[in-house]
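[1] Pasting a predicted model and its sequence here:
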Number of protein chains: 2
Amino acid sequence: MTVTADESEESVSSEELAVWRALQRVQARVTRALEADLLVGHDLALASYDVLSHLAETPEGRLRMNDLAERVLLSRSGLTRLIDRLQRDGLVEREACPSDARGLFAVLTEAGAVRLTQARPTYLRGIRTQLLDTLGPEELRRCASTLNRLFPGDDSGGV
Amino acid sequence: MTVTADESEESVSSEELAVWRALQRVQARVTRALEADLLVGHDLALASYDVLSHLAETPEGRLRMNDLAERVLLSRSGLTRLIDRLQRDGLVEREACPSDARGLFAVLTEAGAVRLTQARPTYLRGIRTQLLDTLGPEELRRCASTLNRLFPGDDSGGV
DNA sequence: CCTATGTAGGTGCGCGTGCAACAGTCTAAG
DNA sequence: CTTAGACTGTTGCACGCGCACCTACATAGG
């Protein structure tokens, strides 16, 4: 088959395409491993962990819904439901924003902080074995500099 | 807040964590851009494009369901429904496997090949603007070598 | 031959997600 | 003060996905 239309224009080398495909595969592999591990070990979805994690990185343990949605890579509506679930489970609470009557804070509860602390080792171990170990230290360093250049001021927060 | 439990064990530097998070963000950004562009431009979901693309890279334009599922990063059941839709739209056909009565081939139709050819420029442009342009040529080269080392013999296929 | 184990693909089901639309609120221009 | 436009979070809806389970077939071991 090999439908080779007009490669003259809009060319992307097979090496470049391979980069994109590898990116997809790595992301899928790590994501699924983390999802499974967190689920069986702590009854926590990866998206839920991400929310707790980002909240915990905040000095006050709270974040506006919109802000949080961007950080955890979710649509606003998606975050609304996710916070619904986390609130139902007592891991997060909603709190009104004094300065803006439209705004709501998602705020980490004590139970949420505990749950996060319990789950963190599982999460970190997953990243280590699925991603970091497969990269050599040299490649890791290069990736870090490249990625941090693309997203300046984003390596904040801990662990 | 900053729940800093036991960082002694299972440590992952913030630089390493940033790598993982950046990976997620890049993947999400490119994926959503491609999905949107392909949808408005060619009424084609990204997953559908991936299927057509992988089939077209095959000499006979056909692939076993299982094999295809692995390549497009979908569960077997997920691929079943996706092929259902593509077959309904006439872009793909199912064909029995002579050597194994359990097996089925997903085979690219002429209409599927045409649709792929139409959509390809949109797809490649998306990768170019969302991913490749943001990486310098030097970083691109490094990523390629790193990723291709992690997934040897996977840069086959065209464009 | 016949049985046991593994594999290929499909189905029922529940769930998480995004899009479009909406109400409430803020802000700026007249 | 009023009004137009932008923004925040939520909801109705439809859809795509994975998991668990199932059937059909393949293959090895008796």
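    Perfect, thanks for sending it. Numbers count the residues shown, from 1 in each chain, chains lettered A, B, ... in the order given.
[2] From here on, just use CA atoms for contacts and neighbour counts.
    Will do.
[3] burial of the residue lying closest to A:R25 once chain neighbours are set aside, as a residue count?
    Among residues not flanking A:R25 along the chain, B:L73 sits closest, at 7.2 Å (Cα to Cα, 6 or more residues apart in numbering or on different chains). By the criterion of other Cα atoms under 10 Å in any protein chain shown, B:L73 has 16 neighbours.
[4] shouldn't B:L73 be in contact with A:A28?
    Yes. Here B:L73 reaches A:A28: they are 7.4 Å apart, a contact under Cα atoms under 8 Å.
[5] any residue of stretch A:17-32 up close to DNA strand C?
    No. Stretch A:17-32 is not in contact with DNA strand C by Cα under 7 Å from any atom of the strand; minimum separation 11.6 Å.
[6] which parts of that stretch are buried?
    A:17-28, A:30-31 (16 or more other Cα atoms under 10 Å in any protein chain shown).
[7] can you check stretch A:110-119 too?
    Those would be A:G112, A:A113, A:R115, A:L116, A:T117, A:A119, for stretch A:110-119 by 16+ other Cα under 10 Å.
[8] want to throw those into CSV with secondary structure and distance to DNA strand C?
    Compiled in CSV, the buried residues of stretch A:110-119 are given as follows (DSSP: H, G, I helix; E, B strand; the rest coil; distance: Cα to the nearest atom of the strand, whole Å):
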residue, secondary structure, distance to DNA strand C
A:G112, helix, 17
A:A113, helix, 20
A:R115, helix, 17
A:L116, helix, 17
A:T117, helix, 21
A:A119, helix, 17
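[9] Closest to A:N66 out of these?
    A:G112 (19.9 Å; Cα to Cα).
[10] For that closest one, give me its contacts.
    A:L52, A:G90, A:L91, A:V92 (Cα atoms under 8 Å, 6 or more residues apart in numbering or on different chains).
[11] name the element whatever residue of chain A ends up closest to DNA strand D belongs to?
    For chain A, the residue closest to DNA strand D is A:N66, as judged by Cα to the nearest atom of the strand, at 3.2 Å. Taking DSSP states H and E as the criterion, A:N66 maps to helix A:65-71.
[12] Are there helices or strands packed against that helix, and which ones?
    helix A:46-56, helix A:76-88, strand A:104-108 (3 or more Cα pairs under 8 Å, 6 or more residues apart in numbering or on different chains; DSSP states H and E).
[13] what pairs with the shortest one, and is each one parallel or antiparallel?
    Spelled out, that is strand A:104-108. strand A:62-64 (antiparallel), strand A:92-96 (antiparallel) (DSSP bridges).
[14] any idea which of these is most buried?
    For the strands paired with strand A:104-108, the largest average neighbour count (mean count of other Cα atoms under 10 Å in any protein chain shown) is found in strand A:62-64, namely a mean of 21.
[15] Give me the contact status of that one with DNA strand C.
    No. Taking Cα under 7 Å from any atom of the strand as the criterion, strand A:62-64 and DNA strand C are apart, separated by no less than 13.7 Å.
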